[in-house]
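A.B. asks: I would like to see how this sequence folds:
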Amino acid sequence: DGDQGFPGNLDIEITYHLLENGFEIIYSAISDTDTICNLSTRNFFNLNGEGKSNILNHKLKINADYYLPINETLLPKEYIASVKNTPMDFTNFKRIGKDIYSDFETIKNNGFTCYYPTDSRYSSSDLNEIIELQGDISGITMKIYTDYPGVFVYTASYVNNLAGKNNHVYNKYDGVAFIP
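C.D. replies: Alright, predicted model coming up:
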């Protein structure tokens, strides 16, 4: 009865705040009945600036002890796995490119294209820091907070000759996206 056959009417509000040293995006949605809603954007970040470098030397920290393994066709497996002692471990700062060329099944030929569920240490009603990213040249730091139960990380592994701002051409690993 609603948009695309989903139940109910959905009022959506997205607010963008420019802060002194960054920006904030706040999503809010209210429906008049139970329905499905997953608001997201796929912004790609390169904290060194347009065309200055790829993101392989950016340092990344993900506050999650688990990840959802995928197979060679990018389909998720039926279990979650610990990041401990694997290339998937970003619980402490690590260069994105350190293990990106590993033969580890989840990243082999795909870069980081996977979901990191948060664990029970986080409250589902509060905003929790899930991502911290640092540009290696610029020194710019970005943090992402969410009340979602995890984050999808995509290192632009399938981007090839994509025209962007100021006619810059983007390729593999030129940016990273985080989707709570």
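
A.B. asks: Which residue comes closest to Asp34 once chain neighbours are left out?
C.D. replies: Closest residue to Asp34 apart from its sequence neighbours, by CB to CB, 6 or more residues apart in numbering: Pro7 at 6.8 Å. Backbone N, C-alpha and C define where each C-beta goes, glycine included.

A.B. asks: for the one you found, what are its contacts?
C.D. replies: Asp1, Ser31, Thr33, Asp34, Thr35 (CB atoms under 8 Å, 6 or more residues apart in numbering).

A.B. asks: Could you dump those into a markdown table with distance to Phe44 added?
C.D. replies: Putting the contacts of Pro7 into a markdown table (distance: CB to CB, whole Å) gives the following:
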| residue | distance to Phe44 |
| --- | --- |
| Asp1 | 36 |
| Ser31 | 30 |
| Thr33 | 35 |
| Asp34 | 33 |
| Thr35 | 29 |
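
A.B. asks: Closest to Asn171 out of these?
C.D. replies: For these, the closest approach to Asn171 (CB to CB) belongs to Thr35, at 38.4 Å.

A.B. asks: Verify the contact between that closest one and Leu10 for me.
C.D. replies: Yes - under the criterion of CB atoms under 8 Å, Thr35 makes contact with Leu10 at 6.4 Å.

A.B. asks: Between these two, which contacts overlap?
C.D. replies: Common neighbours of Thr35 and Leu10 (CB under 8 Å, 6+ apart) are Gly2.

A.B. asks: how near is the residue nearest to Asp34 to Ala177?
C.D. replies: As judged by CB to CB, to the nearest Å, Pro7 and Ala177 stand 30 Å apart.

A.B. asks: what do you get for His168?
C.D. replies: Separation of His168 from Ala177 (CB to CB): 17 Å.

A.B. asks: Between those two, tell me which one has more neighbours.
C.D. replies: Neighbour comparison, His168 and Ala177: the larger count goes to Ala177, with 18 against 11 (by other CB atoms under 10 Å).
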